[in-house]
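In: Build me a model from this:
(one chain, ligands or ions: 1)
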Amino acid sequence: MVTRSAQTHASLCGATCLLPEGASRAPLQMRGGYIAASVPAWAYRLDLPDHLIFPGLINAHDHLHVNAVPPLATTEVFANSYAWIDAFQAHFGAPSVEAALQVSKAVRLRHGGLKNLLAGATCVAHHDPWHEVLDAGDFPVALLRDYGWSYALGWSFYGPPVQQSFARTPMDRPWLIHLAEGTDATAQTELAQLDQLGCLDSRSILVHGVGLCEQDIERIIATGAGVVWCPTSNQRLLGRTLHPRRLADAGRLALGTDSRLSGSRDLLEELRHVAAGSELETWQWLGLVTADAARILRMPSRGALHPGAHADLVVVEDRGGDPVRSLVGISRAQLRAVVRDGLPRIADPDFADWFDAAGVETVPITLDGRPKLLAKSLADPEVIALEPGLELRPTHSGAAFSLEACY
Ligand SMILES: [Zn+2]
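Out: Sure, this is the predicted structure:
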């Protein structure tokens, strides 16, 4: 029998731990949901030769509750996000959208959380009003908390008023706003407008920034603000995205998916998009979803593998060559394991012993055609039904139950 202590103490040995600043071959120790400098000799030991361990990824921008809402069926390119929002208003009447919105918001938020976790994103910045389900102990991912936000300068019907929300945000917390999401004059003037309103300082996290000019970017770096880059969403809506180099070199750029309404399937797909461009070095790809994101969003215990950091991890096979490419370029079904708070949450079936040792009950699932084990606490059938490519696999008892039902 596994003791309670053994459940929360583990040592992952033989793998290489990867961070933007370098690699380490030392065993990764976990205690009580955090990374520890050491664990007792009786801690659960897992040998992971030929594997790499990355910090759990940070998705710096999503709208968790709309990931199962069908996107706008158009290839039209918009001059700015406000034109896209106008087009979307009519789309809200479509039967498929109405049906998707019939699902309770709590279930849709959990679905957005699970979508992220399946792709190794263990922490998400949700750019919408708070909801009580986000505080549930079994919510699939960790969230950016205690932040200020407004929706956008040109869209005052939703979200807190810009100046009031900014003024109420403590100096040591981030304040989020969609900004310069467009290619026209409206988008190009938004940074100056924000500055005039007195809402540009080191708290300001500007999502998209497609319309920013070089001077704007220098101004952002000088004020210590940050930008969240969502290239897939930008390309789809606006036919263009920002040049990431200067912001990434300054460590002021993070990566977000946006929701599936406009963006990529998940953060791994977004990373593939980044890798397809040639502006950034491979270690910068990793920074966008780990250390840089954590710095910009002021979450010092995330996106890292140092003692005291949350034990949120992504385990992958070492594919040889540049280690970052063992993560960037693969899809979610290829992840070997995703760990949150020191416990495996989704992993390949050969990690069954690890789940047992951690005291995590599992259910068998299929993810994009591959068998996996998923923590039972995350296997709400209503949530799973919303996720394409994710299916519960029948167990022996389930099959027996169906058979009985037939008679
Ligand atoms: Zn957004």
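In: hey, let's count contacts and neighbours off CA atoms from now on
Out: OK.
In: For the nearest residue to residue 383 once chain neighbours are set aside, the count of nearby residues, please.
Out: Spatial nearest neighbour of residue 383, chain neighbours left out: residue 111 (5.3 Å); criterion: CA to CA, 6 or more residues apart in numbering. Residues near residue 111, counting by other CA atoms under 10 Å, number 27.
In: buried sites along the helix or strand hosting residue 111?
Out: Using DSSP states H and E, the element containing residue 111 is helix 105-118. For helix 105-118, the neighbour count (16 or more other CA atoms under 10 Å) marks 107-118 as buried.
In: Equivalent analysis for stretch 303-323, please.
Out: For stretch 303-323, a neighbour-count test (16+ other CA under 10 Å) marks 303-318, 323 as buried.
In: cool, stretch 369-382 as well?
Out: Of the residues in stretch 369-382, 371-375, 378-379 count as buried by neighbour count, 16+ other CA under 10 Å.
In: and what of stretch 81-92?
Out: For stretch 81-92, by 16+ other CA under 10 Å, it's 81-82, 84, 91.
In: out of these, which are inside helices?
Out: Counting by DSSP state H, those place 81-82, 84, 91 in helices.
In: For residue 257, give me its contacts.
Out: Contacts for residue 257 (CA atoms under 8 Å, 6 or more residues apart in numbering) come out as 59-62, 230, 232-233, 263-267, 270.
In: sorry, back to before: distance check, the residue nearest to residue 383 against residue 261.
Out: Residue 111 sits 14 Å away from residue 261, going by CA to CA, to the nearest Å.
In: quick one: common contacting residues for these two?
Out: With CA under 8 Å, 6+ apart as the test, residue 111 and residue 261 both reach residue 67.
In: my read: residue 228 touches residue 258, true?
Out: No: assessed by CA atoms under 8 Å, residue 228 is found out of contact with residue 258, at 9.8 Å.
In: Touching both of the two, which residues are there?
Out: residue 61.
In: Counting neighbours, go ahead and name the busier of the two.
Out: residue 258 (33 against 30).
In: Model confidence for the nearest residue to residue 260 once chain neighbours are set aside, exactly?
Out: Among residues not flanking residue 260 along the chain, residue 67 sits closest, at 5.0 Å (CA to CA, 6+ apart). What the model reports for residue 67 is a pLDDT of 96.
In: Residue 400 too?
Out: At residue 400, the pLDDT recorded in the model is 32.
In: same question, residue 278
Out: If you check residue 278, the pLDDT there is 77.
In: which element is it on?
Out: Residue 278 belongs to no helix or strand, assigned by DSSP H and E.
In: Also residue 286?
Out: Here residue 286, judged by DSSP H and E, is contained in helix 282-289.
In: Could you give the separation of that helix from the chain centroid?
Out: 14 Å (CA atoms, centre = their mean, to the nearest Å).
In: other SSEs contacting it?
Out: strand 57-62, strand 253-255, helix 267-276 (3 or more CA pairs under 8 Å, 6 or more residues apart in numbering; DSSP states H and E).
In: which is the next helix or strand following that helix?
Out: helix 291-296.
In: residues in contact with the nearest residue to residue 231 once chain neighbours are set aside?
Out: Leaving aside its sequence neighbours, residue 231 sits nearest to residue 241 (CA to CA, 6+ apart; 5.6 Å). Counting by CA under 8 Å, 6+ apart, residue 241 touches 208, 210, 230-231, 234-235.
In: low-confidence ranges in the protein?
Out: For the chain, the stretches with pLDDT under 70 are 1-6, 396-407.
In: change it to 80
Out: Residue ranges of the chain with pLDDT under 80: 1-7, 20-21, 74, 92, 278, 395-407.
In: domains for it, by residue range?
Out: If you go by automatic domain parsing, the domain ranges for the chain are 6-55+303-406, 58-296.
In: In contact with the residue nearest the centre of the chain, which residues?
Out: Nearest to the geometric centre of the chain sits residue 59, at 2.8 Å (CA atoms, centre = their mean). Residue 59 makes contacts with 116, 121, 123-125, 255-257, 267, 289, as judged by CA under 8 Å, 6+ apart.
In: Reformat those residues as JSON lines; add distance to residue 100.
Out: Formatted as JSON lines, the contacts of residue 59 follow (distance: CA to CA, whole Å):
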{"residue": "116", "distance to residue 100": "19"}
{"residue": "121", "distance to residue 100": "24"}
{"residue": "123", "distance to residue 100": "25"}
{"residue": "124", "distance to residue 100": "22"}
{"residue": "125", "distance to residue 100": "22"}
{"residue": "255", "distance to residue 100": "27"}
{"residue": "256", "distance to residue 100": "23"}
{"residue": "257", "distance to residue 100": "20"}
{"residue": "267", "distance to residue 100": "22"}
{"residue": "289", "distance to residue 100": "29"}
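In: Out of those residues, flag the one nearest to residue 75.
Out: Minimum distance to residue 75 across the contacts of residue 59 is 18.7 Å, recorded for residue 257 (CA to CA).
In: Now the closest one: which helix or strand?
Out: Using DSSP H and E, residue 257 sits within no helix or strand.
In: Which SSE is immediately downstream of the host helix or strand of residue 215?
Out: Applying DSSP H and E as the criterion places residue 215 in helix 214-223. Using DSSP H and E, the next helix or strand after helix 214-223 towards the C-terminus is strand 226-229.
In: List the strands paired with that following strand, with their directions.
Out: Paired with strand 226-229 in the same sheet, following DSSP bridges, are strand 204-208 (parallel), strand 253-255 (parallel).
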